[in-house]
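A.B. asks: one predicted model, sequence on top.
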Amino acid sequence: MTGTTTDDEPEEETQAGLAPEDAEKADLQLDEIGAAESPEGETENLLGSREPEEEVIRTATDLEAVYDVPVQVSAVLGKTSMEVSQLLKLGRGAVVELDRKVGEAIDIYVNNRLVARGEVVVVDERLGVTMTEIIKTERS
């Protein structure tokens, strides 16, 4: 019998009108990404916020609201530690030995977070930095 049901044959309910096998696959895919579908056709992510099912493509223009926010950028040539007594003995012309070798990459920080490594360059009689490696850190 196609297209009709009898009292002896209960009609199977499916998700969004899908065949039972397809509905099971859709449920499995939602479970795999940690989301649940609402009756309105939205998915709920792990943080509990609702998002439309269609994929959102993010671009640099999405950040326009924060383009004018100032950040502090620091290039660290090297580090050392010393006792206060040694620090007080330093004078004009004193050399402080750092933990880096000549030609070794320097650390580049943005708001005290390591974001890259690079090389020192000279630009119109001023020092500059060329980024040679971007550091990706996991957010906690």
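C.D. replies: Done, it's in. Because the structure is a prediction, the values reported are computed rather than measured.

A.B. asks: chain neighbours aside, what residue packs nearest to Leu98?
C.D. replies: Using C-beta to C-beta, 6 or more residues apart in numbering and skipping residues adjacent in sequence, the residue nearest Leu98 is Gly78, 2.8 Å away. The C-beta positions use only the backbone N, C-alpha and C, and glycine is treated the same way.

A.B. asks: phi first, then psi, for Val69.
C.D. replies: Per-residue torsions, Val69: phi -80, psi 120 (degrees, to the nearest 10).

A.B. asks: that one: neighbouring residues, count only.
C.D. replies: 7 (other C-beta atoms under 10 Å).

A.B. asks: A helix includes Asp62, no?
C.D. replies: Yes - Asp62 sits within a helix when classified using DSSP: H, G, I helix; E, B strand; the rest coil.

A.B. asks: spell out, range by range, the helices that occur in the chain.
C.D. replies: 20-32, 84-89 (DSSP state H).

A.B. asks: the longest strand seen in the chain packs against which elements?
C.D. replies: Counting residues, the longest strand found in the chain (DSSP state E) is strand 113-123. Applying 3 or more C-beta pairs under 8 Å, 6 or more residues apart in numbering; DSSP states H and E, one finds that strand 113-123 contacts strand 106-110, strand 126-134.

A.B. asks: ok, residues contacting the shortest one?
C.D. replies: The one in question is strand 106-110. 71-78, 100, 114-120, 129, 131 (C-beta atoms under 8 Å, 6 or more residues apart in numbering).

A.B. asks: report the rounded mean pLDDT for stretch 119-136.
C.D. replies: Averaged over stretch 119-136, pLDDT sits at 93.

A.B. asks: buried ones in it?
C.D. replies: Judged by neighbour count (16 or more other C-beta atoms under 10 Å), stretch 119-136 contains these buried residues: Val129.
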